[in-house]
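J.: sharing a sequence plus its predicted fold:
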Protein chains: 2
Amino acid sequence: MTKYKITFLPHEKQITVDEDTRLIRAAMDSGVHINASCGGEGVCGKCRVIIESGEVEAGVSEMLSPEDKESGYRLACLARVKSDLTVRIPTDSFIDARSLNLQATPRKTAKIRELNLDDLKEKGLFVPPMEKIYMALPPPSDADNIADVSRMVDFLRKNHDEHRLEFDLSVIRKVPEVLRQDDFKATVTIARPVREDGKNRIINIQPGDTSDRNFAIAIDIGTTTVYGEMIDLKAGSVLARYGDFNSQISYGEDVISRIVYSEKEGGLEKLNERVVSTINTVIGKILKKSKVDPGDISTITFAGNTTMTQLFLKVNARYLRRSPYVPASIIYPPFKASEIGIEVENHVTALVYPQVSSYVGGDIVSGIMGSGMFNDEEITLYIDIGTNAEVVIGNKEWMVCAACSAGPAFEGGGIKLGMRATEGAIEDFSIDPVTLEPMNVTIGNVRPKGICGSGLITIVATLFELGILDNRGKFNRELETPRIREMDNVYEYVLAWKDVSGTDRDVALNEIDIDNLIRAKGAIYSGCMTLLEEVGLSIGDLGRIIIAGGFGSYVDLEKAMTIGLLPETDPEKVIFVGNGSLMGARMSALTNRIRKDVTSTVKRITNFELSETQSFMDNYIAALFLPHTDMNLFPKIKARMDERRKYASNQPHGEV
Amino acid sequence: MTKYKITFLPHEKQITVDEDTRLIRAAMDSGVHINASCGGEGVCGKCRVIIESGEVEAGVSEMLSPEDKESGYRLACLARVKSDLTVRIPTDSFIDARSLNLQATPRKTAKIRELNLDDLKEKGLFVPPMEKIYMALPPPSDADNIADVSRMVDFLRKNHDEHRLEFDLSVIRKVPEVLRQDDFKATVTIARPVREDGKNRIINIQPGDTSDRNFAIAIDIGTTTVYGEMIDLKAGSVLARYGDFNSQISYGEDVISRIVYSEKEGGLEKLNERVVSTINTVIGKILKKSKVDPGDISTITFAGNTTMTQLFLKVNARYLRRSPYVPASIIYPPFKASEIGIEVENHVTALVYPQVSSYVGGDIVSGIMGSGMFNDEEITLYIDIGTNAEVVIGNKEWMVCAACSAGPAFEGGGIKLGMRATEGAIEDFSIDPVTLEPMNVTIGNVRPKGICGSGLITIVATLFELGILDNRGKFNRELETPRIREMDNVYEYVLAWKDVSGTDRDVALNEIDIDNLIRAKGAIYSGCMTLLEEVGLSIGDLGRIIIAGGFGSYVDLEKAMTIGLLPETDPEKVIFVGNGSLMGARMSALTNRIRKDVTSTVKRITNFELSETQSFMDNYIAALFLPHTDMNLFPKIKARMDERRKYASNQPHGEV
């Protein structure tokens, strides 16, 4: 994709962005504030900028007069980059020179770890669990009338050094006809054993040469969403991806309410049927998108939390929510996906990620495996932030883990106008420190309807850094702006007035919302701290921090540290992996090494029940501040805050 | 059972028999002829005997006058032994003193090899493939909340030295509830691996202690009949047995017509459904007879010929009957019996015997394994006589085998009044050499309806030894008796006139029937000879002959040699094993050693297509005589015949 350099004046900030990036996003990412509250539909007309040189597409609206247009004015929320640009922010869009210094720190997302097949091959990790071999067999004769299956076994032994072969009954049923369809030329799919002394299992046979077409599906079964990927096992590439809401949602938002429902008469069967149906929808979509022939699918790998896994496998989940929280099993055997209602051909083998405990499940194990953490020397902190949060610390020698009752704040739950990261969600934000006017960036560039997880973190971090919120998450009552107000005895900040919002009311964030966010981030942070204490380590000992979870890819790393969600470390140490569960599922479809190591890895993980851990409550209470009671844990933020205070005290308005 | 000694006068023959044995059977087995043509219903009244001492039950009928009864006359076909007896055969029942010398040789059945658990244990062969272990687990607590399955695994490892355990998904589904049903006391069923480095698979879990109740079902799937046994794996005993006709029969009597039907639209499915339904009937009966709880069944072992096996497993059988006669597979993997419609609980594992070729199937392999032939030093000839006949020669080092197109004569097929060994079938026979009056013994002691396989052999052998039939199977046209007559240009011997027969016509055996018998026995004999020649051996090299097949248990060994069905050898070398297929199925249910060895055994067997073997046709033609063209192969019969001729030439009637 073509890249262009944008220079913002008078700040003289530069940023390089992709063609077609909207100017408001470019400004936000370079740390330049532009008043903008309507999210990008050109409704509020506040985000006027002047294109001094270069070319943009769109950016005009009825909010601009003909003269404005003539003078190069465009709306930053609509204008898309088409060349290198020089863009001036008019004074009415930032008002005060102070904002040149006080703008938000540039948005910084961490590196995203991507699958790299060459890398895998180099490490000897590319050992697909399913291989296809083409056979041109000598047809039988009077002098050579051994059984069809024996003929194949002989051929594979002699020509491909394949030993210890076994056959599924369903394959044997196909063999006589398939062999005779193309004059004893056919292709077999071989499931490789995990152990070296295991058997090579022939799971499918197709007439002719289909050895170039070998595919796998990876599925992440989340409480909220189900994601699937179509993987080309030959090329090691992802051909299609699709996500859908887990249709169990109508029986409850979180795992506890699902378990409660599963205990009702027929409840388990109903929830099972629902998730299977969602998975089938996802599979149908990626089949269609990738144009893969269903007959060429060899395997499906599944990763999900313990509750999702048990419901998917139709295993009673009742005891997961009852003390002492006992899962049915850690490890599940491979089985035929069609047996459980997955709409694939009968030969397709299902592999399910093992669990650690009732609240640290296969999605986390999958992330540990897929991210390579299980095999690393350096000590890694792995945090998966989804409907709940799980934390793992360790390396190839040892691991400890815990589930944190973070609640669903990061998915928009417990927040008055919280929402999932869908169209209309404010996902990025900046504020003019003087006028306190907002700059809202929404998903889909439409009018704001609510706030998603990454938006929430950015808003709270920004308000906190500017002193608009104090370290308890309370608004500065002395600021004079209509945007901070008391409603029903609760203080709130209005992000978008109802005339520019995507709903019929003001979009605001209140202190109760902020309190919920603080509890959520406090749970995660204190979970990390408690685990570190249990193994006698501190944050400085961490070589790497991996953040998994759909929202991870969008969150601003420094902002997450500012609110104390993540421990303050060198941002270079932080890696976002997005959907870690799906990543691990993909990896185990691509290489048997993962399946081989996962059992020993799971056995190496020690699970901590935080509620049973002495120090957890102290750590939690200390973490219920922005960013923390002990600011020495956050030296960089402390330094920034101190500097800001110093600067503010030199300003006429006093502290802002 | 109480035994009694019977002395027959004037012959002064003695025999020891079980209480309640019918006198006519006792006479037959001791070689004493009594005229008796009605088979045992007391209708012809010819079998009058005098009880000189001792006690019988029944034996009176309206055919006896009050004076007769007073004098101790009884009908031998009705009277049952109740004490030691002295029984006189009145002269009108044997007429001529010559019959004292010329009576049939005593019936001699060979030893029957019976399952002996102690023997197995001694040889280290008693390793049940399915074991049950009772577990009293420590219930979970806050401090010990590992997964239910992990709790079991830990317990089994620590307390029973069980390692490499794996679990069926269906078991994991049961675990949480079952463990909590009886305070974490439960019993698991473990499927033992065949290889030492295999996995121990938990296939079932039951609440409480059920370790004393561990059962298996063995099934022989014959073309004509399906037999099942319920086996107590703990005691090593057979609790119940039941046989039924394979309901595929309505689609054809033999394997070829079944295959033809299976090629029709839906034919394979129909035949599969039929045999599964028969198996379910058999299982239902043995469950009822044995009073075993279906939940306590651990495994089902199946043995059948190649066609029956493929139809049972729903594997296309089309190529079995087409040159070059290729079976789909030799070996089939274990599977869940319920998957194929067998009405047992989901956990029950089905094990199927492997095949050798299209016409030497799992029933033969089963017999080879069950009889221990696979493990013997001495060279054994194994003959299975069923709807077809298969022959195996070899020892623990090597084996050769062939299928003989014997046709169904031994099951009553191709014989005008042939019938299966059911009620009313003449199963034993003797003849008065002077009057040529018969002594018929029928199954069920009812009027004769026809002739079963063992009866056929005995009748033809007896007629041949007395010169009533010549060595081409033709009746001596010069004998003057109404029982030998020409009907529709074919000579026949009337066994029972219609007034005493169980049908509305005379029961007779004609020369066409005898010709069919000769072809059948010729095919088997020449099969044996051809195989022996192929490996450069002769009959004298055989250490043992094993006869399998339902009819084997009833056939008179010397008579079978007399007609040339079996090579003439020391009768001590011959062992009847009855249903060899069922025996092997039973053995593989009892011990894994069989399953371990069967694969290598099958690979050691060389299959000969007799029709492709040069010498077979010569051997066959030479065998189309009674007993054979070359009487030097049958020295004992030759000697007996020579003596008889000498004796006969001294008698006034001339040769009889």
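T.: Everything's here; your move.
J.: pull the helix or strand with minimum mean pLDDT from chain A.
T.: Ranked by mean pLDDT, DSSP states H and E, the weakest helix or strand in chain A is helix A:98-102, scoring a mean of 40.
J.: OK, contacts around the residue in the stretch 551-656 of chain A that chain B sits nearest to?
T.: Going by C-beta to the nearest C-beta, chain B is nearest to A:Glu612 of the stretch 551-656 of chain A, at 6.3 Å. In short, each C-beta sits where N, CA and C put it, glycine included. By C-beta atoms under 8 Å, 6 or more residues apart in numbering or on different chains, the residues touching A:Glu612 are B:Asp142.
J.: which regions of the stretch 101-250 of chain A sit below the pLDDT cut-off?
T.: Residues of the stretch 101-250 of chain A that meet the criterion pLDDT under 70 lie in A:101-117, A:125.
J.: pLDDT (mean, whole number) over stretch A:79-87?
T.: Taken as a whole, stretch A:79-87 has an average pLDDT of 93.
J.: how about the CA coordinates for it, as PDB?
T.: Output of stretch A:79-87 as PDB, limited to C-alpha atoms (Å, rounded to 0.1, in the frame of the first residue of the first chain):
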ATOM      1  CA  ALA A  79     -10.800  13.800   4.000                       C
ATOM      2  CA  ARG A  80      -8.700  10.900   2.800                       C
ATOM      3  CA  VAL A  81      -5.000  11.100   2.100                       C
ATOM      4  CA  LYS A  82      -4.000  10.900  -1.600                       C
ATOM      5  CA  SER A  83      -0.500  12.300  -1.600                       C
ATOM      6  CA  ASP A  84       2.100  13.800   0.800                       C
ATOM      7  CA  LEU A  85       0.300  16.600   2.600                       C
ATOM      8  CA  THR A  86       0.900  19.700   4.600                       C
ATOM      9  CA  VAL A  87      -2.100  20.300   6.800                       C
END
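J.: measure how far that stretch is from the centre of its chain, please.
T.: Relative to the centre of its chain, stretch A:79-87 is centred 31 Å away, using C-alpha atoms, centre = their mean, to the nearest Å.
J.: how about that stretch, which residues are buried there?
T.: A:Ala79, A:Arg80, A:Val81, A:Leu85, A:Val87 (16 or more other C-beta atoms under 10 Å in any protein chain shown).
J.: and the third one, what are its bridge partners?
T.: In this structure, A:Val81 has beta-bridge partners A:Val56, where bridges are defined by DSSP bridges.
J.: thought it was touching A:Val56?
T.: Yes - using C-beta atoms under 8 Å, A:Val81 is in contact with A:Val56, at 6.3 Å.
J.: the one helix or strand A:Met369 maps to packs against which elements?
T.: With elements taken from DSSP states H and E, the one containing A:Met369 is helix A:362-370. With contacts taken as 3 or more C-beta pairs under 8 Å, 6 or more residues apart in numbering or on different chains; DSSP states H and E, helix A:362-370 sits against strand A:215-221, strand A:297-304, helix A:306-312, strand A:380-385, strand A:389-394, helix A:580-590, helix A:592-604.
J.: relative to helix A:580-590, how tilted is the fifth one?
T.: Relative orientation of strand A:389-394 versus helix A:580-590 (axes from the mean of the first three to the mean of the last three C-alpha atoms, to 10 degrees): 60 degrees.
J.: tell me the mean pLDDT over strand A:389-394?
T.: On average, strand A:389-394 scores 95.
J.: follow-up on the earlier one: just the buried residues of stretch A:79-87 now: which is nearest chain B?
T.: Among the buried residues of stretch A:79-87, and counting by C-beta to the nearest C-beta, the member closest to chain B is A:Arg80, at 52.3 Å.
J.: residues contacting the closest one?
T.: Shown in contact with A:Arg80 (C-beta under 8 Å, 6+ apart): A:Glu19, A:Asp20, A:Thr21, A:Arg22, A:Leu23, A:Val56, A:Glu57, A:Ala58, A:Gly59.
J.: 6 Å instead, please
T.: A:Arg80 makes contacts with A:Asp20, A:Arg22, A:Glu57, A:Ala58, as judged by C-beta atoms under 6 Å, 6 or more residues apart in numbering or on different chains.
J.: same check on A:Ile459?
T.: Contacts of A:Ile459 (C-beta under 6 Å, 6+ apart): A:Phe429, A:Leu509.
J.: may I have the helix or strand encompassing it exported as CSV, CA atoms only?
T.: Assigned by DSSP H and E, A:Ile459 belongs to helix A:453-465. Taking C-alpha atoms only, helix A:453-465 is exported to CSV below (Å, rounded to 0.1, in the frame of the first residue of the first chain):
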residue,chain,number,x,y,z
GLY,A,453,-12.8,-1.1,25.4
SER,A,454,-9.9,0.6,23.7
GLY,A,455,-11.7,3.9,23.5
LEU,A,456,-12.5,3.7,27.2
ILE,A,457,-8.9,3.2,28.1
THR,A,458,-7.8,6.1,26.0
ILE,A,459,-10.4,8.5,27.2
VAL,A,460,-9.8,7.7,30.9
ALA,A,461,-6.0,7.9,30.4
THR,A,462,-6.2,11.2,28.6
LEU,A,463,-8.6,12.7,31.1
PHE,A,464,-6.4,11.5,33.9
GLU,A,465,-3.1,12.8,32.4
